[in-house]
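Asker: just the structure for this:
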Amino acid sequence: MNSENKETVKIIPLGGLEQIGMNITAIEYKDDIIVIDGGLSFPDDDMLGIDLVIPDITYLKDNKDKIRGMVVTHGHEDHIGAIPYIEKEINIPIYTTKLTMGLIDYKLTEHGLIDNIRRKVVTYGQIINLGIFRIEFIRTNHSIADSCALAIYTPAGIIVHTGDFKVDYTPVFGGVIDLQRFGELGKKGVLALMADSTNVERPGYTPSEKTVGKTFDHIFDDNRNHRLIIATFASNVDRVQQIINSAYKYGRKVIVEGRSMVNVINIASELGYLKIPDNTLISIDEAKEYPDEKLVYITTGSQGENMAALSRIAASVHNKISIQHGDVVIFSSSPIPGNEKSVYRVMNELEQKGARVIYHDTHVSGHACQEELKLIYALTRPKYSIPVHGEYRHLKRHAELAQEMGIEKKNVKILKCGEVLEIGEEFFDVVDKVPAHGVFVDGLGVGDVGNIVIRDRQHLSENGLIVVAITLDSGSKQVLAGPDIVSRGFVYVREAELLIEQCKDVVSETIYNCLEDGNADWNKIKNSIKDDLGGFLWERTKRNPMILPIISEV
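Answerer: Alright, predicted model coming up:
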């Protein structure tokens, strides 16, 4: 690389750092911006009522004339789930591999956007030009086919983004990760490596996806007299393929249950990424015609999600499938951090209903462990390291691994979402910050629920609500009716009549004092009621309900 090069580019992560999910990064040089991925994340426990969290794309909207295109590394929700929401705001051409594009097309069709957006399917090794940038798509392995890394040729040098990856020498579908290309890029000179941090805390290597196929064969062999129900991620097409292979081998019919699972299997088989032998798949209604030991169900719900198929089966609210004594249920995934309680709850419900649950050795990760990451560093030999895709502890451990691989400490940066990293042969520093808070999706509302609404929901969920209703005479300002007190989620009114009467006395006194002092301003009266009643209730109950005074004049 020419060390005379004084050019710099900006790398702006708008999501995906200090969290697992919502991956989206912008790379900018003067009047050109490219966007890498457009993912969503699922809400934390404290985001009450929220369905999804999508990236804040204020910066992209403000600079939409500079955006040349979006390149997508693979088809998981945390990389493509927000694309329809982004495309509604800014129309960006999309470039990605065949299966990933199939999954994106389905989402765009659902949102009624498919006819408006330019889309181009690319193949491994292909280089596309987007403004000043040239982007090369490199074959990698992951838990979904058609995953790729990106080599981004910029005026400042080559930036390599691994996407989510592992090194799998025996993948179920497609070829082995193109390690040779990583090595060739290393010889040319890589300015910066942005690599997957998910499994950086795990030593050694991630096992091949094929090892799970052998486990399935053993489970099918050991349970020839039992019905099998297997829960996995809908997007793990290779896992589904191996379940189908074992089912065919042991003469079982396969029923697919769960909307997302059905969609992904339809798309993957239409595009040729899933090979299903004839007469293997049957509908849920046809299952009645076969004995239980000839059936295997593939379902969603391996993360304990409330509305997913397996959770509904476990809770006995599924309208077609109920657990019978002797069923064997296999969880073919490991709990995403934070989901453990939900997963174990579903497991317990299944066991209580007479099923046997198997979850050991039925899953391998799609992400690189330490030795695979070291291999990528050894091949690309980057000047700078920018850990991506992980919580803070993952990013920190990745930064240490980069230093173990010979990268100077000053050349490793742990970024926060929204930080603008300017990078060049002689410059590597955060120079600015842009908005990058998650945007909440609640039902059909996008962004109409903010932190204040969430705080109110938390307050209501923890302490309940008290409504104080008063009617005043508009002329004399005398109290005509009330105060009436309605309680929800605070105390059971019938058993707390004395407390409610005392509350009425406190409010009456407050109103009297306000009107005596000539404070007929409604806001002042409301605030005084909140303060006085809130203080009284805290003293009596050590609880802090939301107090909502309603004053009407007649």
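
Asker: low-confidence stretches in the stretch 151-300 of the chain?
Answerer: For the stretch 151-300 of the chain, no stretch has pLDDT under 70.

Asker: which stretches of it form strands?
Answerer: 157-161, 190-194, 228-231, 253-257, 295-299 (DSSP state E, counting those that start in this stretch).

Asker: how close does residue 110 get to residue 15?
Answerer: Remark: distance between residue 110 and residue 15 (C-beta to C-beta, to the nearest Å) = 22 Å. Every residue, glycine included, has its C-beta placed from N, CA and C.

Asker: how about residue 536?
Answerer: The gap separating residue 536 from residue 15 is 45 Å, by C-beta to C-beta.

Asker: higher neighbour count, those two?
Answerer: Neighbour comparison, residue 536 and residue 15: the larger count goes to residue 15, with 28 against 17 (by other C-beta atoms under 10 Å).

Asker: for residue 411, phi and psi?
Answerer: Main-chain torsions, residue 411, degrees, to the nearest 10: phi -100, psi 10.

Asker: who's in contact with it?
Answerer: Going by C-beta atoms under 8 Å, 6 or more residues apart in numbering, residue 411 touches 383, 384, 385, 428.

Asker: what's the burial count for the residue nearest to the last one when sequence neighbours are not counted?
Answerer: Computed as C-beta to C-beta, 6 or more residues apart in numbering, the closest residue to residue 428 that is not its neighbour in sequence is residue 384, at 5.6 Å. In terms of burial, residue 384 registers 24 neighbours under the definition other C-beta under 10 Å.

Asker: how about the strands in the stretch 351-500 of the chain?
Answerer: For the stretch 351-500 of the chain, applying DSSP E, counting those that start in this stretch gives strands covering 356-358, 384-385, 419-424, 427-433, 439-442, 445-446, 465-472, 479-488.

Asker: each with direction, which strands does the first one pair with?
Answerer: Spelled out, that is strand 356-358. Strand pairing for strand 356-358, using DSSP bridges, gives strand 328-331 (parallel).

Asker: with the longest one instead?
Answerer: When pairing is defined by DSSP bridges, strand 479-488 lines up against strand 465-472 (antiparallel).

Asker: so which strand or helix has residue 79?
Answerer: In this structure, residue 79 sits in helix 77-80 according to DSSP states H and E.

Asker: now do the buried residues in the next helix or strand after that helix.
Answerer: Next along the chain after helix 77-80, taking DSSP H and E as the criterion, comes helix 83-89. By 16 or more other C-beta atoms under 10 Å, the buried positions in helix 83-89 come out as 83, 84, 85, 86, 87.

Asker: of these, which is the nearest to residue 10?
Answerer: The shortest gap between residue 10 and any of the buried residues of helix 83-89 belongs to residue 86, at 19.2 Å (C-beta to C-beta).

Asker: which non-adjacent residue is nearest that closest one?
Answerer: Using C-beta to C-beta, 6+ apart, the closest residue to residue 86 is residue 38 (4.9 Å).

Asker: what's the neighbour count on the one you found?
Answerer: Neighbour count of residue 38, defined by other C-beta under 10 Å: 29.

Asker: rewinding a little: dump the strands of the stretch 151-300 of the chain into a markdown table; add distance to residue 487 and mean neighbour count as well.
Answerer: Output for the strands of the stretch 151-300 of the chain, formatted as a markdown table (distance: least, C-beta to C-beta, whole Å; neighbours: other C-beta atoms under 10 Å):
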| stretch | distance to residue 487 | mean neighbour count |
| --- | --- | --- |
| strand 157-161 | 55 | 24 |
| strand 190-194 | 53 | 25 |
| strand 228-231 | 42 | 27 |
| strand 253-257 | 43 | 22 |
| strand 295-299 | 42 | 24 |
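
Asker: residue 288: which of those is closest?
Answerer: Residue 288 lies closest to strand 295-299 among the strands of the stretch 151-300 of the chain, at 10.0 Å (C-beta to C-beta).

Asker: now whichever helix or strand comes after that closest one: mean pLDDT?
Answerer: Downstream of strand 295-299, the first helix or strand assigned by DSSP H and E is helix 309-314. For helix 309-314, mean pLDDT is 90.

Asker: I'd say residue 19 and residue 391 touch.
Answerer: Yes - using C-beta atoms under 8 Å, residue 19 is in contact with residue 391, at 6.3 Å.

Asker: which of these two has more neighbours?
Answerer: Each of residue 19 and residue 391 has its neighbours counted (other C-beta under 10 Å); residue 19 has more, 18 against 14.

Asker: where are the low-confidence patches of the protein?
Answerer: Short version for the chain, where the test is pLDDT under 70: 1-4, 43-51, 440-461, 474-477, 492-495, 517-520.

Asker: follow-up on the earlier one: for the residue nearest to residue 428, list the residues it contacts.
Answerer: Counting by C-beta under 8 Å, 6+ apart, residue 384 touches 191, 192, 193, 407, 411, 412, 413, 423, 428.

Asker: now residue 354
Answerer: Counting by C-beta under 8 Å, 6+ apart, residue 354 touches 323, 324, 325, 326, 327.

Asker: any idea how many residues pack against the residue nearest to the first one when sequence neighbours are not counted?
Answerer: The reference is to residue 323. Excluding its sequence neighbours, the residue lying closest to residue 323 (C-beta to C-beta, 6+ apart) is residue 353, at 4.1 Å. Neighbour count for residue 353, taken as other C-beta under 10 Å: 17.
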